[in-house]
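Visitor: when you get a sec, could you give me coordinates for this:
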Amino acid sequence: MLCCLAQRRSRRVHPQGQEDSSSHNGEPSVLIVQQQREQQRQRRQQQRRRTLRQGKVSFLSNPIHHTCASPLGVHVSVVQKLLKEAESKGYHSTADICENVVKPFTDAHKCALVDMVEESFVSKATCFISHAWSCSLEDTVNVMQQVEEEHPNTFFWFDVIVNNQHSIETRQGQPLWGIQSFRTTTVEKIGSFVLVLPAWNDVTPLRRCWCLYEMMCALNAHRKINVQIKLPSHQHRELLRRLRTDFEHIVNNTIGTDITQSSATLNDDKHNIFKAVEETISLNALNVLVDNVMRKWIIKCGEESVKELSSLRQSKRQQQQLDRMASLCSNIANMMSAMNDHNNALIYLKKVLNICDRSGNNNSKKEIRNTNNGDSNSASEGLVVASAHKRIANIYTINGDQESAFKHHNKALQIQLYVLGDGHIDIAPTYDNMGDVSKKRGDFDNALGYYSAALSVKKAAYGETHPSVAASLSDIASAYSHLEDNVKAIEFYDKAINVWTNTCGDNHHSTAASIRGKGDVFFRLGNFRKAKECYTLALNALTSKQQPQKLHIAINEVDNKNKWSEIKGNDISDEQKAVAMELVSILESFAELFLSLGDYNSAMEHLNNALSAAALCFGDTHPRVVKLYTNLGFASNETGEHDRAMEYYGRAFTSMRRFSLQTANTITSSNESHA
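Guide: Residues are numbered from 1 along each chain as shown. Below you'll find the model as predicted:
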C-alpha cells in the first residue's frame, strides 16, 4: 500500500494531463523553468497594460537606467502628463515647454526626461514623431492619441522627452553632429514614422530642416518604413471639408518644397543637414520626394472626402454636394495623372461622369440646356463633362487604346460645339487632339481635316502670326507627309517655320522641329543632301547654347540602377524636356541618314548621343529606346564589332520585354477598372 502511494506521488500530473518531468534529483526541468518565465513575462505585460490604461504617470525624483532596447519610446500618457504640467504654467508651444518645463525639471541631473519616467511607461520606440517645435504640443498629443487608438500600446520616439536637452546645448559647432548616425540608429530602427501637421492650412514642419531631413531618413531607409502624415482630429475633419472647395489652395500651400528655404534653430544644423542630404540623394531630389509624399497624402484625404460625401443619405444629396463631389474627383484625377497613376485617374474621371449623370448633365443635347436660355450653370457643368471626356481620352492614348481615345474626344467635341459654338477658341485643342489620335490610327485624311479645322479657329482668334497657328501648320504638314503629298508637306513646313521664327525666334525647339520635319520629307524623297542641310540647320538652331554631345539639360547622365534616377529626371522643366525630346528626334534623323549613306561610325555617334537624351525623356523601356539599341546593334555589326552588336541587341530585347510586361500590367489594371 505504501509502495503504491509512493509511486503515485512520484508521478504527479499537471492540469494539462502531462506528467511532471522533474529531474530525479528534485530540481525542476528546463521546460518548467521556461514555463515559469513565460508566466512571469505575461504577468508583467498584463500589469503594464493595466498601468497604461490607467495612465497614472508621475515623474520620478531621480533618474533611472531603462533596460529596454533602444531607441527608447514613451507612452502617450507621458506626453499628456507633460502637457498638463505645461498648461498649468501657461506654456503651449513645444519650444516653450522644453525651455520652461523639461529643462528646469531635469537640470539637477542633466538627463533626458525619459530617464525620469517609471519603467512601465517606457519601452523600445515603435513610432517616430516628427514635428515643429514652434507648434502647439496639444496638436502633437492629439495625433499621438490617434496613433494609439489605431495601434494600442504604441511607444513614441519624441525628441523633447527622449533626447537629453542639456547635451544638445553643447553641440553648437560640432561637425555633422548626430546627422549620419541619427538615420541608422533612430528612424530606420523604429520602422514607423508620423509627420505632424498642426492645421490643414499650416505646413510649418515642411519649412523646417530637421523635419525634412527626418522624412528623407524614413523614405530613403534600407527597409520599408510606414510613413504617415497626420493632422489633429478637428483639423483633419476641416481638411476633408475644405478639399471640396479649396483644393487648389491646399495643393499650392502644400506642394512646392524647397529645403534651401527651410530654417533651423542652430545655423550649424542647417549647414550639416544640407551636406548630409547632398551626400545622400541631393537637395532637389529631396524636394521632389517630399512633394510626392504630400501629393499622395492629399489624394488619400481627397478619397476619404469623396467617400464621406457618397455616404450621405440620398435625400441630402443636393445639387451643390454633387457639384463639389464632381470637382473633387476631377482634382484627384488631375493629381493622379501628374504622378503617372493613370489607371486610378481613369476611375475618378469616370466617377465625374457618373456624378454628372446623376445630376442630369452628362449629355450634350438632351440634358444640357442651351446657354441662350439663360442657364449658365448647366453650360458650366456640360464643360466639366467635356473636360472629363478629354482627360479620359488622353489616358486611353497613353495606354495605346486609340479607338477609345477617339470616342471620348468626339464626345467632348460634341458637347463643346453645343455649348460654346463652332468658332470658340477652346474647341481648337480638341480638334488638335482628334487629329493626333487619327494620325496614330493611320487615318491621315481625317487627321488633316481636324488639323485644318483647328487652324481655322486659331486664325480667327489670333490672326495669322501666333505660335498656336504655327503648331497647326506643322501638324498639317506632317499629315500631308504621311499622305505622301510631299509638295504640300514642304509648303506647310515652310509656312510653319516662318511663323515660328517670327513668334519664337530662330533657336526655339519648335522652329527646329519644323525644320527637321522638312528634312524628313527630303529624306523620304531620297534627296539626302537637302535632308542633311535641314538636319544641320535644325541641330544648330536647337544647340546654339549647348553642345549636343553633352546633354547638360538637367542631369549629366541617367543611371538606371540608381534608385533616385526617376526623381532626378523629374527635376527638369517642361521646356527643358521639350528641348531634350526634339534633340532626340534630330539625332535619330541624322543617324537614319548616315545609316542610309553607309557611314556607320557617324551613325553610331549620333545614336549614342540620342540614347542618353532618350533615356532621360522616355525611360529605358520606351520603344524609341529599343529602336536606338537595335540601330546601334545594326551599325556595330556592319563595322565588324559583332560582340558589341550582340550586346546592343540584348539590351533592345530586355527593354522590349520590360515594356511588354508594363503594357500588360496597364491593360490588366484598365480592365479591372472597367469591371
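
Visitor: how many neighbours does the residue lying closest to Arg242 once chain neighbours are set aside have?
Guide: Excluding the flanking residues, the one nearest Arg242 by Cβ to Cβ, 6 or more residues apart in numbering is Trp200, at 5.7 Å. From N, CA and C alone the C-beta is placed, and that goes for glycine too. Applying other Cβ atoms under 10 Å, we find 23 residues neighbouring Trp200.

Visitor: phi first, then psi, for Val203.
Guide: For Val203, the backbone dihedrals (degrees, to the nearest 10) come out as phi -110, psi 40.

Visitor: any idea how far Ile255 is from it?
Guide: Distance check for Val203 against Ile255: by Cβ to Cβ, to the nearest Å, it reads 10 Å.

Visitor: neighbour count winner among the two?
Guide: Neighbour totals were compared for Val203 and Ile255, and Val203 leads with 22 against 17 (other Cβ under 10 Å).

Visitor: the more buried one against Asn252, yeah?
Guide: No: the pair Val203 / Asn252 is not scored as a contact, 10.9 Å apart, by Cβ atoms under 8 Å.

Visitor: of all residues in this structure, which one is nearest the centre?
Guide: Asn292 (3.3 Å; Cα atoms, centre = their mean).

Visitor: show me what contacts the residue lying closest to that one once chain neighbours are set aside?
Guide: Leaving aside its sequence neighbours, Asn292 sits nearest to Met339 (Cβ to Cβ, 6+ apart; 6.7 Å). By Cβ atoms under 8 Å, 6 or more residues apart in numbering, the contact set of Met339 is 292, 295-296.

Visitor: dump those residues into TSV; add distance to Cys504 and pLDDT as well.
Guide: What follows is the contacts of Met339, written out as TSV (distance: Cβ to Cβ, whole Å; pLDDT from 0 to 100):
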residue	distance to Cys504	pLDDT
Asn292	32	92
Arg295	32	94
Lys296	37	94
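
Visitor: from these, which ones fall inside helices?
Guide: The helices, defined by DSSP state H, take in 292, 295-296 from the contacts of Met339.

Visitor: okay, those in JSON lines with distance to Glu464 next?
Guide: Shown next, in JSON lines, are the ones in helices among the contacts of Met339 (distance: Cβ to Cβ, whole Å):
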{"residue": "Asn292", "distance to Glu464": "43"}
{"residue": "Arg295", "distance to Glu464": "41"}
{"residue": "Lys296", "distance to Glu464": "46"}
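
Visitor: closest one of these to Asn601?
Guide: Here the nearest of those to Asn601, counting by Cβ to Cβ, is Asn292; it sits at 42.5 Å.

Visitor: so Trp297 sits against Ile229, correct?
Guide: Yes: using Cβ under 8 Å, Trp297 is in contact with Ile229, at 4.3 Å.

Visitor: these two: which has the busier surroundings?
Guide: Ile229 (23 against 19).

Visitor: surely that one touches Leu195?
Guide: Yes: Ile229 sits in contact with Leu195 when judged by Cβ under 8 Å, with a separation of 5.1 Å.

Visitor: mind listing what's buried along the strand or helix carrying Ala512?
Guide: In the assignment (DSSP states H and E), Ala512 maps to helix 509-524. In terms of neighbour count (16 or more other Cβ atoms under 10 Å), helix 509-524 has its buried residues at 509-523.
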